[in-house]
Structure formats: C-alpha cells, structure tokens
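> quick one, structure for this:
(chains A and B)
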Amino acid sequence: MSLASMVQYALFLVVVVLLVRPVGIYLLRVFTGQKTILDRVVRPVERLIYRLAGIDAERQMNGKQYAIAFLLFSLVGTLLLYTILRLQSTLPGAPNRAYLTTPMAPDLAFNTAVSFSTTTTWQAYAGETTMGYLSQMVGLTAQNFLAGAAGLAVGVAFIRGFAGQRTDHLGSFWVDLVRAMLWVMLPVSLIGSVFLIWQGVPMNFQPYIHATTLDGAPQIIAQGPVAALAFIEELGTNGGGFLNANAAHPYQNPTPLTNFVEMLAIVVLPAALTYTFGRMINRQREGWLLFWVMVVVFAGALVLGGVAEQNGNPLVRNAAHVTHVANDMQPGGNMEGKEARFGIGGSVLGAVATSNGATGATNSSHDSYTPLGGLVPLANMLLGEMIFGGLGTGLYSILFVALLGLFISGLMVGRTPEYVGKKLGEHEVKLIAVYTLIGPVCVLLPAALAMVSSAGLAGLTTNNGPHGLTEVIYAYTSSFSNNGQTFAGLSANSPFYNISTVIVMLLGRFGLALPALALAQRFALQPKRELTKGTLPTDTMLFGAVIIATALIVVALTYLPAIALGPIIEHLQMIGH
Amino acid sequence: MTSPPPTAEPPHEQLVTSSRKWTDHLSTRVAWVAHETRNLLPVAVRSLRMTLVLVVLSGIIFPLLVFAIGQAAFPAQANGSLVTNTQGRVIGSSLIGQQFSQPAYFHGRPSAVGYNAAGSGSSALGPTNPHLVSGNGSEVTVARGATPPPGATPVPGKPNTYYVPGSYLGVRSYANQFRKENGLACDTPLPSDIVTASGSGLDPDISVEAAYLQLNRVVAARKALGGQNATITVGRVMDLIDQHTTGRDLGFMGEPRVNVLDLNLALDALYRSPTGQK
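Numbering: from 1, shown residues only, chains lettered A, B, ... in the order given. Below you'll find the model as predicted:
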C-alpha cells in the first residue's frame, strides 16, 4: 500500500470523525423539533406539505402504524416509478430517445422500481441506453430522495424505541420523512449537486453530443441532468448511477476531490446518527462506542483492500511485465477496471465506502478486483452493512449485532442482558434471531438455485468457475443488503435475475425494517432500568470487541463455505499459476 | 339421587359446536380484515398525496433549481465540458477520453467500450479469467478456401483457423502493442494503467509515466510530418507533459495524471494538427 493511499484513507477518517458531532447534533435538533438555522426558510414549506398531503403532524404513531405508513409509502413509490418507466416510450422528456435501445420490459421496469424504492438501486440496465431524462429525473432522482429519507425516518424511529419509556409512541412517519427531506436531503444535495457541476458533472437537457475526435472519428457523448442525481444517490445511500459506469464515469465523478466528497456523503449521515443515538438515549458513551467500532472495522477493510489491490494480479504482472509498486509517476497495482485519476487508493476508498454504506455507486469495477480485494466489499455487505451502513438502516444493523453479542455474553456469564436500560427478554431475542437468520436465507438459497438452474447459469456470460459463483453470491448479497453494487460481468437483465433479486431486495428492506420497528416498540414500552453492579457494561472497549467478534463469527459460520468456494479458491488459482 | 349430567356431549352436538366456533372465527377474521383495510385506506391516500408532493419537490423543482444554478454559474461544465476547435466544431469533452491511433498523438488507456461515450463500462473480467491476459477474441475455423472473417488473423499451425479479435485484446496484447509503438525493450516495466481497461471505458487520463514512455515516439512522428512540426524538441514536449500533469487533488487525493486530449490539443496548438484539418 502506498503512502499516498494511506494518507488519503487516514484523512478521510479524520474528516468523518470531525463531522460526527456537529452533524449528529444537527440531526438531533431536526428530529426532536428543536430550532435550526433552516427553520425560517423551511418551516412554511413543511406546513404546506402537511396541508397538501392531509397530515396531522401532532399525531404520534406506534410501531405498527409507523411500519404500515412506511410500507404503504414505499408501495406507492414503487407503483409510481413502475408507471413512469413503463410509459417512458410514450411520455415526452427523452431528447436522447434515439439511443434508448434497451426496451423497458415489465420485468426490468418492476425490478428497477423495487430496486429504487428500497434504496438498493440495483441496475440491470445501462442508463445511457435505457433511461430518458424524464425517467431519470421524475422517476429515479425523486425515488433516490424518497427512499433515502424513508430509511432515515425508520432509523430515527428505532432510536426513539431506546429513548422512550412506557410509551408506544415512535414519532410520526410523515413528520420524520418530511423533516428528513426538507432539513437534510434537499439542502445538502443542493449544495452537493452544485459542487459537482463546478467540478465538471453535466446538468443539461441536451440530446447526446456528436463530436469529431482529434483523430477524425465520430464520438457520441451522453448528456443529461446528471448532477441532480449524482449527489443524492450517495447521500441517500442509494447508488443508482445516471450513467452505466456510475461513479467511475468521469461525468459522475470527475476528480479525486469529487470522489472524496461523494464517499463522505455516503458515510457522514450514518456515522452522525451514532452521535444522535447517544444523545437521544442520554448515554453518549454508547453512541461513541458504536462509532469507534465502525471506524476500526472500516480502517481494517481499507488496509485489507488496499494491500490486496496494490499487490495486484501476478497473472497480469507476468504476462505484461507491469510495475506494481506505486510512485508519483504511476499508480501500480491492479488497475483493470480502475480510473487513472483515482488510482488504487481512491478506488479502494470507494469500494469500502460504498459496500459498507449500502450504496451501489462503485467508482471501479469490483468484478476485476483481485479475489481478496473483491472479497472486502463482499464481506462488508455480508457483515450486514453495519459499518456506517445505509442511511438509518445502518444504525439498526449494528445495534442488532450488538444486542446479539450482548445476549450471547449474557448467557456466558449468567446475567440478564440489558442494553441502555432495556431488558432483552424472550420476544426481543426472537426478533434478533429473525434478523440474523433472514440474511443467509436470502443470499444462499437463491444463489444455490441460480447455480443449479440453466436460467441462473445463463447469466455467467463474462466469467465462470469460482469467479462466476462469486458474481452470483455478490448479486444476492448486494440485493439483500439493499446495496445495489454488482460484479458487473453477470448478465442480470433476464426474468430469472430480475424477479429473484426483487424478492431478495424486498426481504432485505422490509424483512429487516419491520423487526427493527417491532423491537423499537417493545423497548419503548419498557421502563428504563437503572444501571446496577449486575449490569454488563456496554460502553467499554471490551463490548466493542464483542460487537466485532459477534459480527465476524456470525458471518464466518454462515458464509465461510460459500466464500471458500468463491474468492478463496480463486485466490489460490491466481497465486498458484 | 339424580344421575350426574353426561360429561360427554353426543358426537353430533360436538360437531355443531365446533363448526359454529369455526364460522364465528371466520367471521371475526373477516371483520378484522375489513376493519384493518378500512384503517389502511386513509393511510394509503395520505401515502399517495405525500408521494406526489415530494416527487414534485425532489423530481421536478429540485433538478430545475440545480439546472438553473448550474447553467448560470458554471455553464461550460454543466454542458459537458465540451472542447471545440477554431471552427467551432465539437471535438469532444475534456472529461471524456477518446481513441487516439495516430503516432503523432499521445494515446490513452485501452477501453472495454471502444471509447463509445454513448455508453460506458469496464471489461468486468475477473482476475483469473484467461481473457484478461489473452483477450476475448475467439478462434474461428472456416471452410477451405472461404474468405476469413474481417479483421481475423491466421492461427499458426492450424489450417483454415483464424483468430477474430474481440472487444478486449488482453493485457498481453496491449503491452506488446504499446512497447512496439514506442520502441521499448521487452523488459521495460510498463505502468499498469496503460495496459488495462478503465472502469468507465472513457478514462481521459493516463499516468505521468505512461506519457513519458510515449514521448520519443510522438516527437519522432511529429518531426517526420515536416513543416512547423519539424521544429519539435524532446525538451519542449517534456515541458508540455509537465504543464498538463495534474497533481493529487489538495495534495493527497487520487493520483497524479495527464489528460490526454488536453495534451494533444496543446501539441496541435504549438505545431499544427497532423491531419492538417487544424
């Protein structure tokens, strides 16, 4: 790993650490209805929205009502997006219509609609040849906002479960949603999108440009309202790119600076929620502990990925006699599928941030990573995207793992497990078990089905062998964790993959959010217990180690056979040659 | 003494009881579902109204606002960072790589999409995929005397068999080609970026080393063109490379790189275009 990469990783984490407190305080003020600097502009809009949508902002919801509102809102969003996509060929607003060669078939439209309304933004299509500008704007850009804000709302409701006492109120989904939109997503994206334009991201409605290159050949260059989508896809931890190459495309991520900022946009809000959590439950140390666990695992992933990619691929080194050591003249390492401006450091930073952050906006082709380098983003997703994680969803992901670890530790020392004054009883542990078991079912079963069916194997058009298996496991892991990134060699636009990934995406979104809301409701009903000498401390480094160990053990026991057959065999094949 | 009431009900009685219970249960179920649905309906209506309001806000008003600010403040970038020649013809975008094949130009990285900017993408070849080293072309055997497919080369030792190159030639071919073009010895280590396809297929940049390795070839090719190009010197082009090298952003982000189109445009501005089109 080069010094420059290490400096970039370290400074990235420093910026995250510096932003956690101020952003966390801001989120706290937004979601507890305290004064913020945006109030003067935004409050009237908020009131107007409640009036237009017929919302009583004072009405509190219990866990079930919150879940129903979240479900129906997601359903309406899915249906609306599906309608827009299916009508694309008849609606106006596609100056690029001549280039849209991929038909918007029902299965592709359905897959895309579910994919965007669950923040997965798995893309079985290439933007340049599939989407008109109207679909990109009113369909996809809007859904990036809505689904991201809904995830944040559920995360906030989850925190209220820990903060509440003898109440079944988790807040109002509509209020949380609108506040997430008006105070967080829209203003930050406005600044972010304008910043991206300044750096070179296009924002126009022109048809594709016909150029004649210096060499005299014709070149057609895709255009469109890219900047409006390119920032919110990161901030909302969605990741569905405007253009096929997503954040690797120079029009979506033109400079190393935009890369740094886009990756920050993924990580900062989920990181800051740990601070908000600590403040809302009045146990700041628990919040910080979660944050530092995230930082440690994130740094570990950067080091593993950075070393694997800088060491590169001996097959390429031998065949082409290339330098693999980086210096100020060239990036070295495995550059297949990576951009020269990012090099190894910026690419691995992107891989680790997007895979932990539930964001599909990859800035390099993960399919072409070395086996161990590609295992890093896969493992990040298999861990449950608990390191920063998706917007709102990341917090409950790490807390589920923490509670599982607490339960196991409690069994070992014979104490009733309690977390921040809330007792883990039978029902709570059952919900945690549901959360833990649903992942393997959603990843391994469909992957196995794909491996034994001709429809599944038909997707392996680029790679096969162990790498093909990894591609399929990656696809379902990414769908389940609502990430959306892919080993792109898999040809996924077929009814088999379009439908099976939809099922997995839905289970990944709602199969986790609903137990989370149910758990929040049960905790909110409990009184807050005082700390006694018998309580296991949950704000110590030891408990941090318990969280990490639990995550690793759960993943290792569940997925090790699959990982051994995929990336590990491939690594041995690569170094054995 | 009266006998105690029979403890067991007659069988038919029992059946009736249980079936009444069952229908009762069903009707409660139906009532419950009806009740829940009645409760859901207003939430569904609110969801629909909320979705429409927020879609107008984030899918129409927001993009138009970003569009207006972008066009007013940064029109060049917002319209794709296009580059035009002196006649005003668009020759590309400074952010989008293009294919260079003339020896008088610096060349960019291999592209899995042939620098087709109406699309984008990587090779997506896995690290142990043989195509990564040897390319995704295929061997085709034709009938004796039939014309070989276009662009195909005969495979030595196999009669009537031709190798049809694919969209990706493989790092070995890319390395051989680069060494041959630039007159480099076969043991010259190459920078890894110049033999591999980028993630977007439209990478506008190459590493500084990849530019330096092309220096002598570009100078020789320009000298051979004559005219103003004959005045070119290695030192002057070296200066041009340095001028067009962008360092790490803020000193630590990403990698130093050279924008190939910008560098070639600077060459043309100083020494005239090799095709004479100006």
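
> can you confirm whether stretch B:158-172 lies near chain A?
Yes - applying Cβ under 8 Å from any Cβ of the partner chain, one finds stretch B:158-172 in contact with chain A at B:170-172. Every C-beta, even on glycine, is put in place using the N, C-alpha and C of the backbone.

> ok, and the closest non-adjacent residue to the one residue in the stretch 1-150 of chain A that gets nearest to chain B?
Each residue of the stretch 1-150 of chain A has a distance to chain B, by Cβ to the nearest Cβ, and the smallest belongs to A:Ala142, at 2.9 Å. The shortest distance from A:Ala142 to any non-neighbouring residue, by Cβ to Cβ, 6 or more residues apart in numbering or on different chains, is to B:Gly59 (2.9 Å).

> cool, B:Ala230 as well?
B:Lys223 (5.6 Å).

> tell me the contacts of the one you found?
B:229-230, B:232 (Cβ atoms under 8 Å, 6 or more residues apart in numbering or on different chains).

> taking the residues of stretch B:158-172 next to chain A one by one, which sit in strands?
Secondary structure assignment by DSSP state E places none of the residues of stretch B:158-172 next to chain A in strands.

> let's verify B:Val133: helix, strand, or coil?
Look at B:Val133: counting by DSSP: H, G, I helix; E, B strand; the rest coil, its state is helix.

> what's near enough to touch the closest residue to it other than its chain neighbours?
Residue nearest to B:Val133 in three dimensions, not counting chain neighbours: A:Ala319, with 4.4 Å by Cβ to Cβ, 6+ apart. Under the criterion of Cβ under 8 Å, 6+ apart, the contact list for A:Ala319 reads B:133, B:170-172, B:175.

> confirm A:Val45 sits in a helix?
Yes - A:Val45 sits within a helix when classified using three-state DSSP.

> wait, it sits on A:Leu182?
Yes - counting by Cβ atoms under 8 Å, a contact exists between A:Val45 and A:Leu182, whose distance comes to 6.0 Å.

> the two: which is more packed in?
Between A:Val45 and A:Leu182, A:Leu182 has the larger neighbour count (other Cβ atoms under 10 Å in any protein chain shown), namely 21 against 15.

> in what helix or strand does B:Ala124 lie?
Under the criterion DSSP states H and E, no helix or strand holds B:Ala124.

> for the closest residue to it other than its chain neighbours, grab phi and psi.
The shortest distance from B:Ala124 to any residue other than its chain neighbours is 3.7 Å, reached at A:Gly489 (Cβ to Cβ, 6+ apart). A:Gly489 has phi and psi values of phi -70, psi -20 when expressed as degrees, to the nearest 10.

> ok, which stretches of chain A are strands?
A:209-212, A:218-221, A:322-323, A:418-419, A:422-423.

> send me the second one as CSV with only the CA atoms.
Below are the C-alpha coordinates for strand A:218-221, written out as CSV (Å, rounded to 0.1, in the frame of the first residue of the first chain):
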residue,chain,number,x,y,z
PRO,A,218,-17.1,10.3,-34.7
GLN,A,219,-17.8,10.2,-31.0
ILE,A,220,-21.3,10.4,-29.4
ILE,A,221,-21.2,11.7,-25.9
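
> packing partners of it?
Using 3 or more Cβ pairs under 8 Å, 6 or more residues apart in numbering or on different chains; DSSP states H and E as the contact definition, the elements that strand A:218-221 packs against are strand A:209-212, strand B:90-93.

> neighbouring strands for the last one, and are they parallel or not?
Paired neighbours of strand B:90-93 in the sheet (DSSP bridges): strand B:82-84 (antiparallel).
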